[in-house]
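Just a sequence and a predicted model for now, questions to come.
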Amino acid sequence: MRRIIVCILFFIASKIYAQVVFSEIMFYSSANYSEFIELYNTSNKDTIDLNKWLILYHTSKPDTIISAGFGTKLHPNQYAVIFPSNIDLNQNPYVIYGSPLILKINDNNFGSSGIANTR
């Protein structure tokens, strides 16, 4: 009986996390543009709370996802855009279409000094 419960819990947790996918990553951008990560909730029915989810970069401690003032719940078929905490959303040079969830991380850089496309 214990194995069945553990298997069911694992299946439920795996199902929820598999619904959130990386849809875009802007790395090593120019000084005028901020790095960002875009996520997408592929579910047609499940809302997923991203509060305190971690983004782990191989050279540093994890970054924690936090609210940018709009909550942390990613609704079905919705995008989320995650920025460093020091970005001024009123001065953001990106044009954001639709109504994605805007999030931030708990510090000013992804990883220790930003996202790179090399190891």
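Looks like it came in fine.

Which parts of this structure are strands?
Secondary structure of the chain (DSSP state E): strands at 20-26, 36-41, 48-49, 54-55, 63-67, 73-74, 79-83, 101-105.

Output the below-cut-off pLDDT ranges for this protein.
For the chain, the stretches flagged by pLDDT under 70 are 1-18, 28-33, 93, 113-119.

one more time with 50, if that's ok
1-14 (pLDDT under 50).

Arrange the strands of the chain in JSON lines, one row each, with mean neighbour count and distance to residue 90 as further columns.
For the C-beta atoms, the positions are set from N, CA and C on the backbone; glycine is no exception. Formatted as JSON lines, the strands of the chain follow (neighbours: other CB atoms under 10 Å; distance: least, CB to CB, whole Å):
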{"stretch": "strand 20-26", "mean neighbour count": "13", "distance to residue 90": "19"}
{"stretch": "strand 36-41", "mean neighbour count": "20", "distance to residue 90": "16"}
{"stretch": "strand 48-49", "mean neighbour count": "16", "distance to residue 90": "26"}
{"stretch": "strand 54-55", "mean neighbour count": "14", "distance to residue 90": "24"}
{"stretch": "strand 63-67", "mean neighbour count": "18", "distance to residue 90": "17"}
{"stretch": "strand 73-74", "mean neighbour count": "20", "distance to residue 90": "23"}
{"stretch": "strand 79-83", "mean neighbour count": "21", "distance to residue 90": "12"}
{"stretch": "strand 101-105", "mean neighbour count": "22", "distance to residue 90": "12"}
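
nearest to residue 89, of the ones you listed?
Closest to residue 89 of these is strand 101-105 (CB to CB; 6.6 Å).
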